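Undergrad: Just need the structure, nothing else, for what follows:
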Amino acid sequence: KNGRLSLGTANAYKYDMRSLLKFKPNLTYEDVTPDFLNSFENWFLTITNSKGKKNSQASVGSICRSLRCIINYYRKKKVIPPTFEYPFLEYTIPDFKPPKYVISNVEIQSIIDCKKFDDLWEEYARDIWVLLYRMNGINFIDLLKLRWDQKKGNHFILTRHKTRKTRRNNIRQIQIFITDKIQSSLDKIGDKSSTFVLGQINMENYTETYLMNRNKKLKTKINYYLKKVGKRLNLSMPLDISMARDAYANTLKRANVNPLKISENMNHSDPRTTQMYYLDMFD
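TA: From the prediction side, this is the model:
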């Protein structure tokens, strides 16, 4: 009702609910006990996901945190009675963080320097990746919705789409200094005839559903071509759009930039997020 639940979060809850109901149809809050959660975890780790790989403890943790959030909400609203035995005092949600594997500086430079492409979409996908990497490692959806009127002098000023509804404290906008290299990319792939920098959004007052669908469709297409570029360059791991953010953080880490500065540039509200999910996890 207050509009703070994003479509992405709602879709994540739906996915998590499907996993829980697959394990136990007609599940109610009364069924959620420590024994149930342990049984669900053991079962979930034995099945494969849509990519044909075994589910990880990170996925279990994500599902259980969603379930805990919902239970906490309805306990607070007094829909769940106070007699309900809260299961998360006895059951500990897995907090597994796998290492991040990131391409080297030499490989990053090979992407930037690449001149051989099979078609225009391959080159466009590479240009998008480089722009994301140089623009503080922002997420693709932030570049997709970036408008020319957000350019203030020699900076772009924007709010991350991911945190626009979830963050209530320490709200800060990202300021991206437009270097000569960024400007060169903007001159190449920017659409000056559109309100939006990339010109990939076709309406002024778009809905959240439209934005999410457009984001998913373009990311899928760009990742398809990035993978082809990565194979041609013989990179140590498959190239995709999300790697630009990791590469940005790791480039600064390799250059011994202060972690607090890296956190500020990446717009993390808590520097521990940068340290825990990026800097400490790089292998």
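Undergrad: Kindly list the longest helix within the chain.
TA: When the chain is parsed with DSSP state H, its longest helix is helix 208-232.
Undergrad: Tell me where the chain has strands.
TA: For the chain, the strands defined by DSSP state E cover 151-152, 155-158, 174-177.
Undergrad: Can you pull up the most central residue in the chain?
TA: Nearest to the geometric centre of the chain sits Asn139, at 6.7 Å (C-alpha atoms, centre = their mean).
Undergrad: just to revisit the earlier point, tell me which of the strands of the chain is the most buried.
TA: Mean neighbour count (mean count of other C-beta atoms under 10 Å) peaks for strand 155-158 among these, with a mean of 18. Every C-beta, even on glycine, is put in place using the N, C-alpha and C of the backbone.
Undergrad: Could you list every helix and strand that it packs against?
TA: Helices and strands touching strand 155-158, as assessed by 3 or more C-beta pairs under 8 Å, 6 or more residues apart in numbering; DSSP states H and E, comprise strand 174-177.
Undergrad: mean confidence score for the strand it packs on?
TA: For strand 174-177, the mean per-residue pLDDT is 90.
Undergrad: Now the phi/psi pair for the residue sitting furthest away from the middle of the chain, please.
TA: Using C-alpha atoms, centre = their mean, the residue of the chain lying farthest from its centre is Thr83. It sits 38.0 Å away. Backbone dihedrals for Thr83, given as degrees, to the nearest 10, come out at phi -80, psi -10.
Undergrad: For it, give its distance to Ser110.
TA: For Thr83, the distance to Ser110 equals 62 Å [C-beta to C-beta, to the nearest Å].
Undergrad: Could you list the alpha-carbon positions for stretch 211-231 in PDB?
TA: C-alpha atoms of stretch 211-231 as PDB (Å, rounded to 0.1, in the frame of the first residue of the first chain):
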ATOM      1  CA  LEU A 211      10.900  -1.000 -17.200                       C
ATOM      2  CA  MET A 212      11.500  -4.500 -15.700                       C
ATOM      3  CA  ASN A 213      10.500  -6.200 -18.900                       C
ATOM      4  CA  ARG A 214      12.600  -3.900 -21.100                       C
ATOM      5  CA  ASN A 215      15.600  -4.300 -18.700                       C
ATOM      6  CA  LYS A 216      15.300  -8.100 -18.800                       C
ATOM      7  CA  LYS A 217      14.900  -8.300 -22.600                       C
ATOM      8  CA  LEU A 218      17.900  -6.000 -23.300                       C
ATOM      9  CA  LYS A 219      20.100  -7.700 -20.700                       C
ATOM     10  CA  THR A 220      19.400 -11.100 -22.200                       C
ATOM     11  CA  LYS A 221      20.300  -9.800 -25.700                       C
ATOM     12  CA  ILE A 222      23.400  -8.000 -24.600                       C
ATOM     13  CA  ASN A 223      24.700 -10.900 -22.500                       C
ATOM     14  CA  TYR A 224      24.300 -13.200 -25.600                       C
ATOM     15  CA  TYR A 225      26.600 -11.000 -27.600                       C
ATOM     16  CA  LEU A 226      29.000 -10.400 -24.700                       C
ATOM     17  CA  LYS A 227      29.500 -14.100 -24.300                       C
ATOM     18  CA  LYS A 228      30.500 -14.300 -27.900                       C
ATOM     19  CA  VAL A 229      33.000 -11.400 -27.500                       C
ATOM     20  CA  GLY A 230      34.400 -13.100 -24.300                       C
ATOM     21  CA  LYS A 231      35.000 -16.400 -26.200                       C
END
